[in-house]
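**Student:** My questions concern the predicted model and sequence given below.
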Amino acid sequence: MVVETLAGARGLLSGREPADAFASVPGVRLWHWVRDSAGQVHSRQHAKLAAADRRMHYLSSANLTESAARRNIEAGVLVTGGEAPRRVAEHIDELQRLGILRPLRP
């Protein structure tokens, strides 16, 4: 799971680290997007995607924050089978391999 960090959000989030909500989930691996501070000053993590394996993924509009859970109505779609789940997993693998996504708590 790729999560935003308070530091990465640059003041747009407050409260506890978003990753704290998932840290106790068995088997979950937490990653974060490491930005190039010079080249990505105004960038934000906005993807809402869960890839469990190469056979299914979940795509959603949901922000995985405490405030979003309290005040928003969100929707998502579970995609099973076909090429999309495999391609999503491969894309995430490549972002990890390149060091764009890094383990949050190695």
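**Tutor:** All right, it came through fine.
**Student:** need the contact list for Leu104.
**Tutor:** 3, 5, 19, 30-32 (Cβ atoms under 8 Å, 6 or more residues apart in numbering). Every C-beta, even on glycine, is put in place using the N, C-alpha and C of the backbone.
**Student:** So which of those are in strands?
**Tutor:** 31-32 (DSSP state E).
**Student:** which stretches of this structure aren't confidently modelled?
**Tutor:** 36-47, 64-67, 106 (pLDDT under 70).
**Student:** buried stuff in the longest helix seen in it?
**Tutor:** Taking DSSP state H as the criterion, the chain has its longest helix at helix 84-97. Within helix 84-97, the residues scored as buried using 16 or more other Cβ atoms under 10 Å are 85, 88-89, 92.
**Student:** mind checking how far Leu13 is from Thr5?
**Tutor:** 8 Å (Cβ to Cβ, to the nearest Å).
**Student:** quick one, phi/psi of Arg10?
**Tutor:** phi 50, psi 50 (degrees, to the nearest 10).
**Student:** and it, what does it touch?
**Tutor:** Contacts of Arg10 (Cβ under 8 Å, 6+ apart): none.
**Student:** Out of the buried residues of helix 84-97, flag the one nearest to Arg54.
**Tutor:** Of all those, Arg54 sits closest to Ala89, with 4.7 Å by Cβ to Cβ.
**Student:** Which residues are in contact with that closest one?
**Tutor:** Here Ala89 is in contact with 51, 53-54, 57 (criterion: Cβ under 8 Å, 6+ apart).
**Student:** ok, now Ser60?
**Tutor:** 48-50, 74-77.
**Student:** and what of Gln96?
**Tutor:** 31, 102.
**Student:** Make residue 1 into 9 and carry on from there
**Tutor:** Yes, from this point I'll number from 9; that puts the last item at Gln104.
**Student:** ok, now how distant is it from Arg37?
**Tutor:** 10 Å.
**Student:** now swap in Ala83 and tell me
**Tutor:** 26 Å.
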